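# Mind folding the following:
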Amino acid sequence: MMNLFKKCLPPVLLLMAVGCSDTIATPPREVDLPPEPTRTNIDPLQWQVPLSFGNVRAEAVTENGTVALAPDVVHVASSDGANEAGYVYHFSFWAKRGAGRQLVVWYQTVENGAYVYKPYVRFVTYANSLLQRPDGTPVAPGDSVMITMSMNGMDLAVDMQPSGLQFNENDPPVLQMWYTGTQGDLNGDGMVDATDAQLESSLLLWVQQDPTDPWMSLHTSQDLSQDWVASWLQHFSGYAVAW
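Numbers count the residues shown, from 1 in each chain. Predicted coordinates for the structure are as follows:
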């Protein structure tokens, strides 16, 4: 398995004080895979303060600069239709064969009495990441593919589309997710204690190809000092942070 940080990630991470392994205080660690790398169900980490329309924003970072992205917000009713379950946020941007591009989603929180934005998820494509469209046709140099990332604002999980898009295994894209939105309560019991500290070292990115498929753990890099996990991707699916 290629080490996630053998090559430098794009410059936007320098704005977040995380990037290449020589620019951060603690080099990323490789997380051990669990004894059961495939599971029928997982419990994704939960936001302590759910995302809302007013506290989430996104940007596309391209070779021509940074562009703010407006979300497509969809109301989701509860399973019984009687109560509001929340919203799903969709962010889309064009990835291009021959150019490195990124989609970065930020959330607003309060820190030291002031409102600040912190990174939540970042998806990076490199110049040769795009390989094959869902219909099997190759992505030619200079061609673009619209990529959509969706999130429900409750779980630390995202869905990436179009399903079936294939990536170059020699230059795969990266999905990076921060779990600072849990505020340290990783098991959701209302307390931040030694149990959470123990669970943090076993956090992984998990992938589910289809909603009825089992979840599979991915080879994951983690920075304990910056509270993020990341992995290379070979195709699009649903992804979640869980222990």
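# At which residues are the helices of the protein located?
Here the chain has its helices, by DSSP state H, at 12-15, 194-200.
# Mind listing what's buried along stretch 223-237?
Neighbour-count burial for stretch 223-237 flags 223, 226, 227, 228, 229, 230, 231, 232, 233, 235, 236, 237 (criterion: 16 or more other Cβ atoms under 10 Å). Just so you know, the C-beta spots here come from the backbone N, C-alpha and C atoms, and that holds for glycine as well.
# Can you get me the start-to-end distance on that stretch?
Separation of the first and last residues of stretch 223-237 by Cα to Cα, to the nearest Å is 23 Å.
# swap in stretch 163-173?
Criterion Cα to Cα; first-to-last residue distance in stretch 163-173 is 15 Å.
# ditto for stretch 136-144
Taking Cα to Cα, the first and last residues of stretch 136-144 lie 15 Å apart.
# Ok, stretch 172-181 next?
27 Å.
# Give me the mean pLDDT for that stretch.
When pLDDT is averaged along stretch 172-181, the result is 95.
# Kindly report the same for stretch 118-127.
What stretch 118-127 shows for mean pLDDT is 95.
# same question, stretch 234-241
92.
# which one of the helices of the chain has the lowest average pLDDT?
Between the helices of the chain, the one with the least mean pLDDT is helix 12-15; it has a mean of 37.
# The closest residue to residue 67 other than its chain neighbours and residue 111: what is the separation?
Using Cβ to Cβ, 6 or more residues apart in numbering and skipping residues adjacent in sequence, the residue nearest residue 67 is residue 60, 4.8 Å away. Distance, residue 60 to residue 111, using Cβ to Cβ, to the nearest Å: 26 Å.
# Show me which of these two is the more surrounded one.
In terms of neighbours (other Cβ atoms under 10 Å), residue 60 is the more surrounded of residue 60 and residue 111; the figures are 20 against 10.
# ok, residue 103 to residue 167 distance?
According to Cβ to Cβ, residue 103 and residue 167 sit 15 Å apart.
# any low-confidence regions in the protein?
Low-confidence regions of the chain, defined here as pLDDT under 70, cover residues 1-28, 53, 77-85.
# hmm, 50 instead?
Residues of the chain meeting the criterion pLDDT under 50: 1-26.
# residues in contact with residue 86?
For residue 86, the contacting residues are 50, 76, 152, 153, 154, taking Cβ atoms under 8 Å, 6 or more residues apart in numbering as the criterion.
# Beta-bridge partners for it, please?
With DSSP bridges as the criterion, residue 86 is bridged to residue 76.
# Distance of it relative to residue 206?
Residue 86 sits 21 Å away from residue 206 when distances are taken as Cβ to Cβ.
# Also residue 237?
Distance of residue 237 to residue 206, given as Cβ to Cβ: 10 Å.
# check contacts around residue 193.
Neighbour list for residue 193: empty [criterion: Cβ under 8 Å, 6+ apart].
# Hmm, I typed the wrong one, I wanted residue 163.
Neighbouring residues of residue 163 by Cβ under 8 Å, 6+ apart: 134, 236, 237.
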